[in-house]
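*Asks:* pasted the sequence and its predicted model underneath.
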Amino acid sequence: MSGYDFAGVLLAIHIAPEASAPMVELDAARLVEGVGIEGDRYATERGTYSHKPHPDRQVTLIEMEALDALARDHGIALPPHETRRNLTTGGVPLNHLVGREFRVGEVVLLGGRLNVPCQYLEDLLGKKVFKPLIHRSGLNCLIVKGGTIRPGDSIRPA
C-alpha cells in the first residue's frame, strides 16, 4: 500500500486561544487558507512557537491509533485534548501524508512535516510522553483550501 489510499474520519477538533491554555473541543471549526484555525493560538500568533513561524503550523493532526497504542504499550492515557494537536483522526496514515494533499470534509490540507514530540508537552502534562510519541506525534499541515469542518467528516486523498 502506498499509504495514500485510505478512508478515515475526523474524530475531534481542539483549539487553544493562547500558549499553555487548555484545549477547547469544538463542534465545528473554520479553517482559513494560509492562516490556521479561526481562534487558535497559531492563527492569532499567540502559540508557544509563534516566534518561530513555519507555514505548516497552520493545523496539526494526530492519529487516535497512536493514542490507543500509547495507552496499550506504555500505560499512558492521553486523551485527544492533551496532545495539543488540533485534529484527531481515525484510519488515516498521517506519517505517509508528508508532501501530499488530502481532504478533511471540504477542506484541503497539505502534509508539511511530521510533528516532533517536545519536552514542553511532557512538562505541561506531567506525563512521560516524549519518547513513546517519537515518530507518532502527528502531522503539521498547511491549509490549501479553507472551509468548515466537523467531527464525523471524512478524510481522504485529494
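*Replies:* Perfect, I can see it now.

*Asks:* what comes into contact with the helix or strand bottoming out on mean pLDDT in the chain?
*Replies:* Least confident helix or strand of the chain, by mean pLDDT, DSSP states H and E, is helix 119-125 with a mean of 83. Outside helix 119-125, the residues within contact range by CB atoms under 8 Å, 6 or more residues apart in numbering are S20, T48, L78, E82, T83, R84, K128, V129, F130. Where C-beta positions appear, they are placed from N, C-alpha and C, glycine not excepted.

*Asks:* where's the residue most central in space within the chain, which helix or strand?
*Replies:* Centroid-nearest residue in the chain, with CA atoms, centre = their mean: L61, separated by 1.8 Å. For L61, the host element (DSSP states H and E) is strand 59-63.

*Asks:* quick check: can you name the pairing partners of that strand and their directions?
*Replies:* Here strand 59-63 has these sheet partners by DSSP bridges: strand 87-90 (parallel), strand 139-145 (antiparallel).

*Asks:* nearest to F102, out of those strands?
*Replies:* The closest of those to F102 is strand 139-145. By CB to CB, the value is 8.7 Å.

*Asks:* and that closest one, how far from the chain's centre?
*Replies:* Here strand 139-145 is found 10 Å from its chain centre; the criterion is CA atoms, centre = their mean, to the nearest Å.

*Asks:* thank you kindly, that will do.
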